[in-house]
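Sequence below, structure please.
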Amino acid sequence: MNIKIKLLFIGVLLALTAAPAACDEVEWDEVLKKARGQVVDWYMQEGIPAATDYARKHVAPALEKRYGVELRIHPVSDIQDIAWEIYRRQGPGARNTGGKADLIWFGERTLVHARKSGYLFGPFADKLPNQKLVDWSRARLGNDLCAPDEGTVSPWGRYRMILLHDSERIKTPPSSMGELIGWIRRNPGRFAFPSPLSPTGSAIVDQLFYHVSGEIGFWQRPEAETRFDGARALSDSFALINGLLPDLWERGKRFPPSSENLNRLFADKVVDFSISYNPREAEHQILKGNFPDTVRAFLLEEGTVSGTHYVGIPFNASDKEGAMVTANFLISPEAQYLKAAPRVWGDHPVISADRLSAEWQEKFASLKLPFNGSERISPSLPELSCDYRRRFNGRWRKLVEKKIRNDFIEVEASSSKFLQ
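Residues are numbered from 1 along each chain as shown. Next comes the predicted model:
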């Protein structure tokens, strides 16, 4: 179905839809009792093997053993497809059960649409015992991008865009976006980034936009909304991207669909940099034997985009109690510590160390999280809002994809031992 028709249909649904499914006052013991024997279907973004491995090998066994909850993982290419199916089931008289998804992993941008649609169950986050470990007053947590939280999601990790280089190949990497642009032009074919329609690729576009506009804070203010389409920074950003295309890998006629595919190119020395939302990606891939131990992560001096990722429960989830138990376990000290270990995934914890016992504080300190305290050197930047992104994507399809007529093409399997 055409995306414009989809959005129009969604708008009609939102006008007709009743309030979000409510989460009545519950006793946690009752939740645990009802959850036992339930099967939770968790839909996750594909292309992040460490995340799905963590869920399957560590989270699922723990839930089964401790709570009698079976966890089934469903990686999908686009979380929005699942969201659209839930949209279609909304409306007057809609059943509050029987849906295929019990839990959904949201990044900030996909979360915005879920919040605005009213299709999430809750509020439930404040019912989770482990929420006391989350500092909701931390900047941007619970109010990311353009939709305030109403307790219908639970955070379970943090991300930040980093770049990777091999110190044997690139002794001194670029320190700013301006230097990186110059490096790309001097080294044609040696740089690639995932499609801007993918999460990691969109981060590079955000960085380019901020670089061209010279502004960051202005684009977070409501009055900027009416000026975005006509902003010179937007047209200049596209002019910059168009000008860089011939100097990119494959002369900009192909884009790796995900950071996983970009890692393959980097590991095979086809390109000289990779990009990730995981600050421990270098350590993780070195431990897996995919990268040499000379690979290093670095930030840009003007900052890199960052955010929080969450889980939410659809209004028509069949096993809501099991989903709540899963969400609670995901923010337990044990689960957060294991997730942050580079041998497992390396995703940064979302719970606050100062709210933990002395024993757990010591364990988390031993992780030596990279880039902690780096704000003075390289600040964390907000992602462009959902509305900006939607309009930017429309222009990308029109001005860039039409020009190269080739996007979302899978990188062919190479000699790399990635994912073998």
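
Enumerate every residue touching the closest residue to A317 other than its chain neighbours.
Leaving aside its sequence neighbours, A317 sits nearest to D102 (CB to CB, 6 or more residues apart in numbering; 4.3 Å). For glycine as for every other residue, the C-beta is placed from the backbone atoms N, C-alpha and C. Taking CB atoms under 8 Å, 6 or more residues apart in numbering, we find D102 in contact with V39, V40, D41, W42, I313, P314, A317, S318, D319, K320, G322, A323.

Please repeat the previous calculation with a cut-off of 7 Å.
V40, D41, W42, I313, A317, S318, D319, G322, A323 (CB atoms under 7 Å, 6 or more residues apart in numbering).

so the first one bridges to which residues?
Here V40 sits in beta bridges with L71, going by DSSP bridges.

Likewise for the fifth one?
Beta-bridge partners of A317, counted by DSSP bridges, are G99.

How is this protein partitioned into domains?
As assigned by automatic domain parsing, the chain contains the domains 3-158+308-366, 162-306+377-404.

Can I get the ones you listed in JSON lines including mean pLDDT?
Output for those, formatted as JSON lines (pLDDT from 0 to 100):
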{"stretch": "domain 3-158+308-366", "mean pLDDT": "81"}
{"stretch": "domain 162-306+377-404", "mean pLDDT": "86"}
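
circling back: may I have the phi/psi pair for the residue nearest to A317?
phi -100, psi -20 (degrees, to the nearest 10).

measure it to L32 for me?
16 Å (CB to CB, to the nearest Å).

now G303
Here G303 is placed at a distance of 42 Å from L32 (CB to CB).

Same question for F124.
Remark: distance between F124 and L32 (CB to CB) = 14 Å.

what do you get for R343?
Distance, R343 to L32, by CB to CB: 31 Å.

F191 now?
51 Å.

Show me where the stretch 51-200 of the chain has its helices.
With DSSP state H, counting those that start in this stretch applied, the stretch 51-200 of the chain shows helices at 60-67, 79-88, 108-117, 177-186, 199-213, listed in chain order.

To R254, which of these lies closest?
helix 199-213 (12.5 Å; CB to CB).

tilt between the closest one and helix 177-186?
Here the directions of helix 199-213 and helix 177-186 differ by 110 degrees (axes from the mean of the first three to the mean of the last three CA atoms, to 10 degrees).

returning to what we had before: buried among the contacts of D102? Need that as a selection in PyMOL.
One line in PyMOL is enough to select the buried members of the contacts of D102, burial here meaning 16 or more other CB atoms under 10 Å:
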select buried, resi 40+41+42+313+317+318+319+322+323
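
contacting residues around Q45?
Q45 makes contacts with I79, W105, as judged by CB under 7 Å, 6+ apart.

any idea how far A51 is from the nearest residue to P199 once chain neighbours are set aside?
What sits nearest to P199 in space, not counting adjacent residues and going by CB to CB, 6+ apart, is G107, at 5.7 Å. Note on G107: its distance to A51, by CB to CB, is 11 Å.

which residues are in contact with both of these two?
Counting by CB under 7 Å, 6+ apart, nothing touches both G107 and A51.

quick one, which of G303 and L32 is more surrounded?
G303 (22 against 18; other CB atoms under 10 Å).

quick one, phi/psi of that one?
Per degrees, to the nearest 10, the backbone of G303 is at phi 110, psi 170.
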